[in-house]
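Novice: turn this into a model:
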Amino acid sequence: RTQERVEMVHKVLAPIKPTGGTIGIATIVAFAGAAACTQFLTLNMPFGGALPHTVTNPEWAKATAELRKSSWEREGAPDRPVGLDPMKSPK
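Specialist: Purely as a prediction, here's the structure:
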(Lines give C-alpha, C1' and ligand atoms only; values in the text may rest on other atoms or scores of the structure.)
Protein backbone atom coordinates (compact mmCIF):
# COMPACT_ATOMS: atom_id res chain seq x y z
CA ARG A 1 0.00 0.00 0.00
CA THR A 2 2.80 2.42 0.84
CA GLN A 3 4.63 1.50 -2.34
CA GLU A 4 1.51 2.36 -4.36
CA ARG A 5 1.40 5.82 -2.78
CA VAL A 6 5.07 6.38 -3.50
CA GLU A 7 4.59 5.40 -7.13
CA MET A 8 1.55 7.69 -7.42
CA VAL A 9 3.54 10.64 -6.05
CA HIS A 10 6.38 9.91 -8.47
CA LYS A 11 3.95 9.86 -11.40
CA VAL A 12 2.46 13.20 -10.38
CA LEU A 13 5.76 14.95 -9.67
CA ALA A 14 7.81 13.39 -12.47
CA PRO A 15 6.93 16.05 -15.10
CA ILE A 16 8.06 18.87 -12.78
CA LYS A 17 11.76 19.52 -13.23
CA PRO A 18 13.55 21.63 -10.61
CA THR A 19 14.80 24.34 -12.97
CA GLY A 20 15.51 27.93 -12.08
CA GLY A 21 12.13 29.06 -13.35
CA THR A 22 10.09 26.58 -11.32
CA ILE A 23 12.14 27.30 -8.21
CA GLY A 24 11.67 31.04 -8.72
CA ILE A 25 7.92 30.67 -9.24
CA ALA A 26 7.64 28.43 -6.18
CA THR A 27 9.54 31.01 -4.11
CA ILE A 28 7.27 33.83 -5.28
CA VAL A 29 4.15 31.77 -4.57
CA ALA A 30 5.46 30.89 -1.10
CA PHE A 31 6.16 34.53 -0.22
CA ALA A 32 2.78 35.62 -1.60
CA GLY A 33 1.05 32.97 0.51
CA ALA A 34 2.95 34.04 3.61
CA ALA A 35 2.06 37.70 2.99
CA ALA A 36 -1.61 36.81 2.50
CA CYS A 37 -1.68 34.83 5.74
CA THR A 38 0.06 37.65 7.61
CA GLN A 39 -2.40 40.23 6.30
CA PHE A 40 -5.37 38.05 7.19
CA LEU A 41 -4.12 37.37 10.71
CA THR A 42 -3.13 40.98 11.32
CA LEU A 43 -6.25 42.67 10.00
CA ASN A 44 -8.93 40.21 11.11
CA MET A 45 -7.48 38.92 14.40
CA PRO A 46 -9.33 35.60 14.14
CA PHE A 47 -7.85 34.31 17.40
CA GLY A 48 -8.98 37.31 19.43
CA GLY A 49 -6.90 39.96 21.08
CA ALA A 50 -6.63 43.68 20.54
CA LEU A 51 -4.03 46.25 19.66
CA PRO A 52 -2.15 47.65 22.65
CA HIS A 53 -2.96 51.21 23.72
CA THR A 54 0.52 52.31 22.71
CA VAL A 55 -0.47 51.75 19.08
CA THR A 56 -3.98 53.21 19.20
CA ASN A 57 -3.40 56.19 21.53
CA PRO A 58 -2.13 59.27 19.61
CA GLU A 59 -1.27 61.10 22.84
CA TRP A 60 1.11 58.30 23.80
CA ALA A 61 2.86 58.63 20.43
CA LYS A 62 3.24 62.39 20.90
CA ALA A 63 4.62 61.97 24.41
CA THR A 64 7.10 59.36 23.22
CA ALA A 65 8.26 61.61 20.38
CA GLU A 66 8.80 64.46 22.84
CA LEU A 67 10.82 62.21 25.15
CA ARG A 68 13.02 61.15 22.26
CA LYS A 69 13.59 64.74 21.18
CA SER A 70 14.60 65.83 24.68
CA SER A 71 16.57 62.71 25.57
CA TRP A 72 19.70 63.41 27.52
CA GLU A 73 22.98 62.35 26.03
CA ARG A 74 25.51 60.11 27.68
CA GLU A 75 29.19 59.68 27.21
CA GLY A 76 30.52 56.86 25.13
CA ALA A 77 32.47 58.13 22.17
CA PRO A 78 35.82 59.85 22.62
CA ASP A 79 35.06 62.72 20.23
CA ARG A 80 31.31 63.25 20.77
CA PRO A 81 28.54 62.13 23.10
CA VAL A 82 26.26 59.29 22.04
CA GLY A 83 22.50 59.95 22.10
CA LEU A 84 20.13 57.45 23.65
CA ASP A 85 18.19 57.20 20.39
CA PRO A 86 20.47 55.46 17.88
CA MET A 87 18.28 56.57 14.95
CA LYS A 88 18.69 60.24 15.87
CA SER A 89 21.62 61.98 14.24
CA PRO A 90 24.19 63.52 16.59
CA LYS A 91 23.91 67.26 17.24
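Novice: CA atoms for contacts and neighbours, from now on please.
Specialist: OK.
Novice: now do the strands in this structure.
Specialist: 73-74, 82-83 (DSSP state E).
Novice: which of those strands has the lowest average pLDDT?
Specialist: The stretch with the lowest mean pLDDT among these is strand 73-74, at a mean of 56.
Novice: which stretches in this protein count as helices?
Specialist: Here the chain has its helices, by DSSP state H, at 2-13, 20-44, 53-56, 58-69.
Novice: can you list those helices in CSV and add mean neighbour count and mean pLDDT?
Specialist: CSV is the format used below for the helices of the chain (neighbours: other Cα atoms under 10 Å; pLDDT from 0 to 100):
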stretch, mean neighbour count, mean pLDDT
helix 2-13, 10, 85
helix 20-44, 11, 92
helix 53-56, 10, 82
helix 58-69, 12, 84
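Novice: contacts only, for residue 19.
Specialist: Shown in contact with residue 19 (Cα atoms under 8 Å, 6 or more residues apart in numbering): no residues.
Novice: pLDDT wise, what is it at?
Specialist: pLDDT, read off for residue 19, is 84.
Novice: likewise residue 75?
Specialist: Looking at residue 75, the pLDDT reads 55.
Novice: can you check residue 85 too?
Specialist: pLDDT for residue 85: 60.
Novice: how about residue 60: what's its closest non-neighbour residue?
Specialist: Leaving aside its chain neighbours, residue 60 sits nearest to residue 54 (6.1 Å; criterion: Cα to Cα, 6 or more residues apart in numbering).
Novice: my guess is the one you found meets residue 63, correct?
Specialist: No: at 10.6 Å, residue 54 does not count as touching residue 63 under the criterion of Cα atoms under 8 Å.
Novice: against residue 45, how distant is residue 25?
Specialist: According to Cα to Cα, to the nearest Å, residue 25 and residue 45 sit 29 Å apart.
Novice: can you check residue 14 too?
Specialist: From residue 14 to residue 45 the distance is 40 Å (Cα to Cα).
Novice: one more: residue 53?
Specialist: The value you get for residue 53 to residue 45, if Cα to Cα is used, is 16 Å.
Novice: residue at max distance from the center of this protein?
Specialist: Relative to the centre of the chain, the most outlying C-alpha is that of residue 1, 42.6 Å out, by Cα atoms, centre = their mean.
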